[in-house]
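1. Sharing a model that was predicted from the sequence below.
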Amino acid sequence: MDRMRALVIREYDPRRPALEVAVSHALVERANEGALGPVVRLYRPAPTLAFGRLDVLRPGFAAAAAAARELGFEPVVRAPGGHAVAYHGGCLGIDEALPERDPIAGLQDRFAASGALLAEALRTLGVDARVGRVAGEFCPGDFTVNARGAVKLVGTAQRVVRHASLLAASVAVTGGAALRDALAAVYDPLELDWDPATAAAIEDDAPGVTLDDVERAVLDAYAARYELVEASVDAATLALAARLEARHVVPASTAAG
């Protein structure tokens, strides 16, 4: 049976964080409109602390956003659900935008399929990668990709619109200590419980593995699912992202409390 075609977009120059999140948002909206088929985007982000929309409502949000900025992580409000996540240039960002007739019906299946795909990709690099919740992890989820059942390496989240879905993931490859410090700085004022020992990067379990290695392994895994066609973000999607960016910005006045 022929594989479905998907555009694959590989980006290496980070955008400002709110615009990067807006590009993800724009991809799912364009898929919802029928303007795009399946898209897989792999990118290298600037240091970002991406808050969930429920985090914004918590009393400690202003202090958390200020703490993120003090550590050099730009606070943004992300489109998918979940709680705060941190990522930086040592992480591989992944977006998978899909047109769907009924995206809500397939929500759990997409989580499971993404977890399995990413775990298998990491196993090819020598990581003891498994799928499942780690006790005490940040932004907990049943389809976390972890190492040894002990530390979280990949978190996934979804945004669902009427006829499309966005599955977003961040793979921590290097710089785990900086991620732990940023998460600790924001989870405390948000009054969210977690165990910092559960956050790590791939290099902690598989020294020598690089971002390029992880990108290639992930691409190989997606190539088994889709017929991948190299592309870039089109002008219409970039224009929509520019209009959506303001929805994801955390104003400096808010961060200062």
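-> Ah, there it is. These numbers were taken from a predicted model, which means no experiment stands behind them.
2. drop to CA atoms for contacts and neighbour counts, all remaining ones
-> Fine.
3. What mean pLDDT does the helix or strand that contains residue 130 get?
-> Using DSSP states H and E, residue 130 falls within strand 129-131. For strand 129-131, the mean per-residue pLDDT is 97.
4. Which strands and helices lie in contact with it?
-> Helices and strands touching strand 129-131, by 3 or more CA pairs under 8 Å, 6 or more residues apart in numbering; DSSP states H and E, are helix 107-123, strand 145-147.
5. Check those for me and report the most buried one.
-> Across these, the average number of neighbours (mean count of other CA atoms under 10 Å) peaks for strand 145-147, which reaches a mean of 28.
6. continuing past that one, what's the next helix or strand?
-> strand 151-161.
7. how close does residue 7 sit to residue 249?
-> 28 Å (CA to CA, to the nearest Å).
8. neighbour count winner among those two?
-> residue 7 (21 against 18; other CA atoms under 10 Å).
9. Just the element for that one, please.
-> Short version, using DSSP H and E: residue 7 is in strand 4-11.
10. Report the strands that pair with that strand, each with its relative direction.
-> Strand 4-11 pairs in its sheet with strand 39-43 (parallel), strand 226-231 (parallel), by DSSP bridges.
11. Need those in JSON lines (columns: mean neighbour count).
-> Putting these into JSON lines (neighbours: other CA atoms under 10 Å) gives the following:
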{"stretch": "strand 39-43", "mean neighbour count": "23"}
{"stretch": "strand 226-231", "mean neighbour count": "16"}
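12. Mean pLDDT and distance to residue 25 added to the ones you listed, as CSV?
-> Listed next are the strands paired with strand 4-11 as CSV, based on pLDDT from 0 to 100; distance: least, CA to CA, whole Å:
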stretch, mean pLDDT, distance to residue 25
strand 39-43, 98, 12
strand 226-231, 97, 18
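13. Run through the chain and note the low-pLDDT ranges.
-> 1, 254-257 (pLDDT under 70).
14. And the residue nearest the centre of it?
-> In the chain, the C-alpha closest to the average C-alpha coordinate belongs to residue 169, at a distance of 3.1 Å (CA atoms, centre = their mean).
15. Find the nearest non-adjacent residue to that one, please.
-> Closest residue to residue 169 apart from its sequence neighbours, by CA to CA, 6 or more residues apart in numbering: residue 156 at 4.4 Å.
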